[in-house]
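Trainee: model this:
(one chain, ligands or ions: 4)
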Amino acid sequence: MRTAHRTCSICDAVCGLRLTLADDNRVTSVKGDPDDPFSQGYICPKGASFGQLDEDPDRLRHPMVRRGDTWHEVSWDEAFAEVERGLNAVVAQHGREALSVYFGNPTFHTMAGFMYRVPLTQSLGSRNVYSAGTIDQMPKHVSSGYLFGDPMAIAVPDVDRTDHLLVIGANPLESHGSLCAAPDFPRRLKDLRRRGGKITVVDPRRTRTAKFADEHLFIRPSTDAFFLLGVVNTLLAEQLDTVTLDVNGLDELRALTAEFTPAAVSPICGIAADDIARTARELAAAPTAAVYTRIGTCTSEFGTLTQWLVDVVNILTGNFDSPGGVMFTRTAALEVFRTGQAFTTGNFHSRVRGLPEALGELPVATLADEIETPGKGQVKALISIAGNLVLSAPNGPRLDRVLPELDFMVCVDPYLNETTKHANVILPPPRMLQMPHYDFLLLTVTVRNYTRFSPAILPLDDDQLSEAEIMAKLTLIVSGQPASTPASVLDEMIVGQLTGGSEEMRAGLTGDSGPELMLDAMLQLGPYGLSLRKLRENPHGIDLGPLEPRLKELVCTPSGRVELSPPEITGDLTRLRARLAEQAPEFLLIGRRQLRSNNSWLHNVPGLRGGSNQCTLHVNPADAERLGLGEQAVIRSSAGELVVPVEPTDAIMPGVVSLPHGWGHSGRGQRVATTEPGVNANTLTDERVVDVLSGNAVFNGVPVSLAPLPQ
Ligand SMILES: Nc1nc2c(c(=O)[nH]1)N[C@H]1C(S)=C(S)[C@@H](COP(=O)(O)OP(=O)(O)OC[C@H]3O[C@@H](n4cnc5c(=O)[nH]c(N)nc54)[C@H](O)[C@@H]3O)O[C@H]1N2
Ligand SMILES: Nc1nc2c(c(=O)[nH]1)N[C@H]1C(S)=C(S)[C@@H](COP(=O)(O)OP(=O)(O)OC[C@H]3O[C@@H](n4cnc5c(=O)[nH]c(N)nc54)[C@H](O)[C@@H]3O)O[C@H]1N2
Ligand code: SF4
Ligand SMILES: [Mo]
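Mentor: Ligands and ions are numbered 1, 2, ... in the order given. Modelled structure (predicted):
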């Protein structure tokens with residue numbers, strides 16, 4: 001028996017784990033790491049199942065090549081040769097624009113995902129770059145980009161010091177937080193209340209977080225921008241604003257929001273005018289307050305407007321970049337993603353629908369169009385890394401139909417699943433315990449400054465490749481190098497760029513792999529002067545202190561000031577205003593996250609199944625009764641139709657129904673998941689509807705109709 005420590009890489013909470021391994025390297029227990037200064041021993045049910053997940057017998061052990069309908073295990077050399085042939089043929093016949101890449105959610109967690117993303121994108125030489133960003137948080141980047149100039153300037157709620165936390169469209173007691181890494185959210189919220197603070201939740205469902213809060217306001221889906229306009233209107237009309245930052249655009253803001261009085265917005269969002277005004281007054285009166293929002297508003301039709309208004313409220317109440325409000329993390333590794341250049345979207349547009357680029361990416365919502373529509377620039381090959389788009393993308397079933405039209409597809413993924421089954425080649429990464437771990441991205445949104453590195457716990461077998469080596473090889477192949485080129489050639493180039501070619505610095509770097517050398521360089525160049533060696537000496541992580549104000553060094557708008565009313569964003573108020581005159585659909589569909597599940601890939605873990613982890617449609621009992629719904633219902637949208645099990649619950653407001661995503665399993669690659677497959681919620685989401693400013697997909701507030709299942 002031996003003990004090993006590692007950061008949990010399943011969700012965004014960066015909890016420290018303490019694992020016990022038997023002599024045969026099987027994981028016999030997983031507990032929270034009590035010595036981690038940030039997570040202090042906290043662990044959730046998913047983390048506790050880390051061993052089961054890692055040892056899942058359905059994980060692919062060998063590269064796989066598909067011939068017709070049959071999969072063959074092949075050697076790595078054969079697999080890469082196949083990738084080289086497939087991609088080169090597409091480039092030769094159709095040019096580089098025919099290549100596309102998708103970076104899925106886990107690429108935001110893995111070291112390899114961080115290290116090779118830019119080189120792979122640059123080598124691709126195509127505009128067809130897609131990522132989970134446009135089915136998740138792109139509205140936040142666009143909002144920050146126009147407000148502050150820096151799309152990566154993402155402020156996190158200072159939950160440990162705030163006096164009032166307003167949570168809009170997030171459920172951190174089940175999701176454990178997102179764009180806000182705060183291990184043990186439950187304890188942090190308890191502490192908030194214990195010190196006399198207040199928590200308010202705005203959500204169409206009475207979630208676990210809402211039940212814990214002091215106050216919960218039901219809101220009609222996708223009307224949060226109206227609610228927040230009512231809050232801004234009150235703050236300005238009642239002269240409650242206390243702006244402490246250098247801002248432009250306060251007068252414009254006053255003019256733009258004048259019409260959106262609480263009385264004017266109340267009917268559309270379903271919150272009483274008095275409650276809207278009172279929320280504004282409470283935020284202004286609290287010694288400190290933080291407004292925090294996530295998926296419920298990001299993946300909605302007015303995603304960017306809503307993200308913008310959240311920060312506007314934080315700024316107007318004097319709570320931006322100050323303790324107890326929302327603040328910026330100062331991460332230990334050099335922030336290579338900060339360009340210092342003013343942000344703009346639309347540097348190019350998608351071929352078929354003319355959707356604007358954001359952060360160098362095109363919206364996932366238009367990938368199927370680009371694959372299906374003939375003409376110059378049609379996508380003919382897809383490199384999909386850590387993604388399950390058939391279950392995750394809006395109108396996933398359409399992708400299921402069009403992916404077979406590709407000339408070539410390669411996936412880097414541990415599973416044969418609903419998406420990877422369309423690949424010609426699957427390149428499986430090794431087990432998580434065989435990979436070193438450092439959260440390059442999540443550590444930029446921690447609620448305290450903190451850092452932790454986890455070395456690989458188990459060695460690679462002779463016939464395995466690290467995910468880093470897989471990604472490096474792919475990058476080399478895409479850039480036209482022979483498949484036989486060693487990965488180290490690329491790694492040295494990347495590290496050389498970081499060290500500015502300094503041989504002395506390169507000689508001083510330590511690390512067993514490309515990503516570790518890169519990390520060491522970024523730590524040494526980072527603000528705390530740390531190194532990989534120092535992090536190895538502190539295996540439970542290092543607390544780097546509470547967040548401190550740092551907006552001034554981040555702002556890079558052309559004016560050098562915070563732009564409170566950027567025209568690129570406020571222009572979308574016209575589209576929002578039009579909504580006031582429209583007839584509301586009878587039902588709106590929203591999603592929900594489940595405590596013992598994570599997007600599309602945790603349903604294969606036996607220990608996490610059952611209980612509340614079911615793919616059911618939450619319907620208000622009054623609606624279920626009125627429609628005469630039985631155990632199952634037919635639900636229809638502009639995109640598709642499903643038969644779903646009905647779960648009546650008064651935790652959801654009338655006129656709203658909720659279905660979790662990531663279900664709808666099929667095939668033989670995940671034997672546990674397919675025993676209770678659930679349905680694919682993205683059969684109902686419509687890829688033609690996007691948040692126009694960011695191109696982000698819309699998963700919440702989808703108009704649907706419900707009917708009893710005909711007997
Ligand atoms: N209807 C609806 N749809 C949604 C959402 C919603 O709320 N509602 N949420 C959206 C959001 S926020 C997100 S982030 C996306 C996520 O959508 P995706 O980007 O598709 O991510 P996952 O569903 O998490 O799928 C992860 C894939 O990566 C594989 N994987 C797991 N670990 C590793 C690893 O270490 N390396 C590699 N290479 N692969 C790995 C898994 O097997 C799986 O195939 O879904 C979005 N889709
Ligand atoms: N257990 C678990 N944890 C996860 C994940 C998971 O799948 N399972 N996924 C991870 C990922 S990829 C992400 S991005 C994060 C997401 O983290 P969160 O955003 O905290 O996750 P959700 O549970 O989707 O919370 C969104 C909330 O918005 C509400 N909502 C829906 N529509 C609206 C609306 O129009 N207005 C308002 N105000 N609310 C609305 C929903 O009812 C829901 O409670 O979670 C991460 N953590
Ligand atoms: S909250 Fe997230 S990071 Fe923490 S143990 Fe659970 S899955 Fe892992
Ligand atoms: Mo996400």
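Trainee: only C-alpha atoms from now on, for both contacts and neighbour counts.
Mentor: Will do.
Trainee: show me the helices in the stretch 251-400 of the chain, by range?
Mentor: 262-269, 273-285, 295-298, 303-316, 367-372, 389-392, 396-402 (DSSP state H, counting those that start in this stretch).
Trainee: who are the packing partners of the third one?
Mentor: Translated: helix 295-298. Counting contacts by 3 or more CA pairs under 8 Å, 6 or more residues apart in numbering; DSSP states H and E, helix 295-298 packs against helix 138-148, helix 303-316.
Trainee: tell me how the protein divides into domains.
Mentor: 2-54, 64-126+380-437+453-540, 138-331+556-573, 585-708 (automatic domain parsing).
Trainee: endpoints of the last one, how far apart?
Mentor: Using CA to CA, to the nearest Å, the gap from the first to the last residue of domain 585-708 comes to 18 Å.
Trainee: so which bits of the stretch 201-350 of the chain are right by ligand 2?
Mentor: 202-205, 207, 221-222, 224, 294-297 (CA under 6 Å from any ligand atom).
Trainee: before we move on, the earlier item: mind checking which of the helices of the stretch 251-400 of the chain is nearest ligand 1?
Mentor: helix 389-392 (3.8 Å; CA to the nearest ligand atom).
Trainee: which helices and strands sit right next to the closest one?
Mentor: Going by 3+ CA pairs under 8 Å, 6+ apart, helix 389-392 lies up against helix 396-402.
Trainee: ok now the helix it packs on, how far from the chain's centre?
Mentor: Its chain's C-alpha centre and that of helix 396-402 lie 22 Å apart, by CA atoms, centre = their mean, to the nearest Å.
Trainee: that one: which residues count as buried?
Mentor: For helix 396-402, the neighbour count (16 or more other CA atoms under 10 Å) marks 396-400, 402 as buried.
Trainee: over to stretch 113-120?
Mentor: 113-117, 119-120.
Trainee: and stretch 60-76, by the same measure?
Mentor: For stretch 60-76, using 16+ other CA under 10 Å, the buried residues are 60-65, 71, 73, 76.
Trainee: pick the one among these closest to ligand 3.
Mentor: Leu60 (21.9 Å).
Trainee: what's the pLDDT at the closest residue to the closest one other than its chain neighbours?
Mentor: Spatial nearest neighbour of Leu60, excluding adjacent residues (CA to CA, 6 or more residues apart in numbering): Pro414 at 5.4 Å. Pro414 is assigned 98 on the pLDDT scale.
Trainee: ditto for Ser612
Mentor: 85.
Trainee: buried stuff in the lengthiest helix in the chain?
Mentor: Looking across the chain with DSSP state H, the single longest helix is helix 76-94. In terms of neighbour count (16+ other CA under 10 Å), helix 76-94 has its buried residues at 76, 79-80, 82-84, 86-88, 90-91, 94.
Trainee: ok so, going back, tabulate the helices of the stretch 251-400 of the chain (CSV), appending mean pLDDT and distance to ligand 1.
Mentor: Output for those, formatted as CSV (pLDDT from 0 to 100; distance: least, CA to the nearest ligand atom, whole Å):
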stretch, mean pLDDT, distance to ligand 1
helix 262-269, 98, 21
helix 273-285, 98, 26
helix 295-298, 98, 6
helix 303-316, 98, 13
helix 367-372, 98, 13
helix 389-392, 98, 4
helix 396-402, 98, 9
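Trainee: wait, which of the ones you listed is closest to Asp623?
Mentor: helix 262-269 (19.0 Å; CA to CA).
Trainee: tell me how far the closest one lies from the chain's centre.
Mentor: Taking mean C-alpha positions (CA atoms, centre = their mean), helix 262-269 and its chain are 30 Å apart.
Trainee: in that helix, which residues are buried?
Mentor: Buried residues in helix 262-269 (16+ other CA under 10 Å): 262-263, 265-266, 268-269.
Trainee: what sits against the residue nearest the centre of the chain?
Mentor: By CA atoms, centre = their mean, the mean C-alpha position of the chain lies nearest to Asp136, the distance being 4.9 Å. Applying CA atoms under 8 Å, 6 or more residues apart in numbering to Asp136 gives the contacts 295, 298-299, 696-697.
Trainee: report the contact partners of the residue in the chain positioned nearest to ligand 3.
Mentor: Residue of the chain nearest ligand 3, by CA to the nearest ligand atom: Gly47 (3.6 Å). Neighbouring residues of Gly47 by CA under 8 Å, 6+ apart: 8, 10, 17, 30-31.
Trainee: and it, what element?
Mentor: helix 45-48 (DSSP states H and E).
Trainee: tell me if that helix is near ligand 1.
Mentor: No. Helix 45-48 lies apart from ligand 1 when judged by CA under 6 Å from any ligand atom; the minimum separation is 13.5 Å.
Trainee: and for the next helix or strand after that helix, what are the contacting residues?
Mentor: From helix 45-48 onward toward the C-terminus, using DSSP H and E, the following helix or strand is helix 50-54. Here helix 50-54 makes contact (CA under 8 Å, 6+ apart) with 8, 26-30, 431-433, 602, 604-607.
Trainee: about what we covered before: among the contacts of Gly47, which pair sits farthest apart?
Mentor: Using CA to CA, the pair of the contacts of Gly47 lying farthest apart is Ile10 and Lys31, separated by 14.6 Å.
Trainee: now the terminal residues of stretch 630-638, how far apart.
Mentor: Termini of stretch 630-638 sit 23 Å apart (CA to CA).
Trainee: give the rounded mean pLDDT of it.
Mentor: 97.
Trainee: just stretch 506-526 next, same as before
Mentor: Mean predicted lDDT for stretch 506-526 stands at 97.
Trainee: contacts for it, please.
Mentor: 111-112, 115, 331-335, 436, 468, 488, 491-492, 494-496, 498-499, 529-533.
Trainee: how about that stretch: buried residues?
Mentor: 506, 509-510, 513-526.
Trainee: now stretch 555-564
Mentor: Applying 16+ other CA under 10 Å to stretch 555-564 flags 555-557, 560-564 as buried.
Trainee: again, but for stretch 582-596
Mentor: 587-596.
Trainee: ditto for stretch 677-696
Mentor: Neighbour count says stretch 677-696 has 677-687, 689-696 buried, by 16+ other CA under 10 Å.
Trainee: please flag which of those residues sit within helices.
Mentor: Going by DSSP H, the helices hold none of the buried residues of stretch 677-696.
Trainee: what helix or strand is the closest residue to Lys46 other than its chain neighbours on?
Mentor: Sequence neighbours aside, Arg596 is the residue nearest to Lys46 in space, at 5.8 Å (criterion: CA to CA, 6+ apart). Per DSSP H and E, Arg596 falls between elements, in no helix or strand.
Trainee: Val634 too?
Mentor: Going by DSSP H and E, Val634 is part of strand 632-636.
Trainee: quick revisit: ligand 2: which of the contacts of helix 50-54 is nearest?
Mentor: Leu602 (8.8 Å).
Trainee: that closest one: how many residues sit nearby?
Mentor: Neighbourhood size, Leu602 [other CA atoms under 10 Å]: 19.
Trainee: can you give me phi and psi for it?
Mentor: As for Leu602, its main-chain torsions (degrees, to the nearest 10) stand at phi -110, psi 0.
Trainee: residues contacting it?
Mentor: 53, 608.
Trainee: what is the end-to-end distance of stretch 297-306?
Mentor: End-to-end for stretch 297-306, by CA to CA: 7 Å.
Trainee: ok, residues contacting that stretch?
Mentor: 135-140, 142-143, 168-169, 222, 224-225, 228, 307, 569-570, 572-573, 576, 689-694, 696-701.
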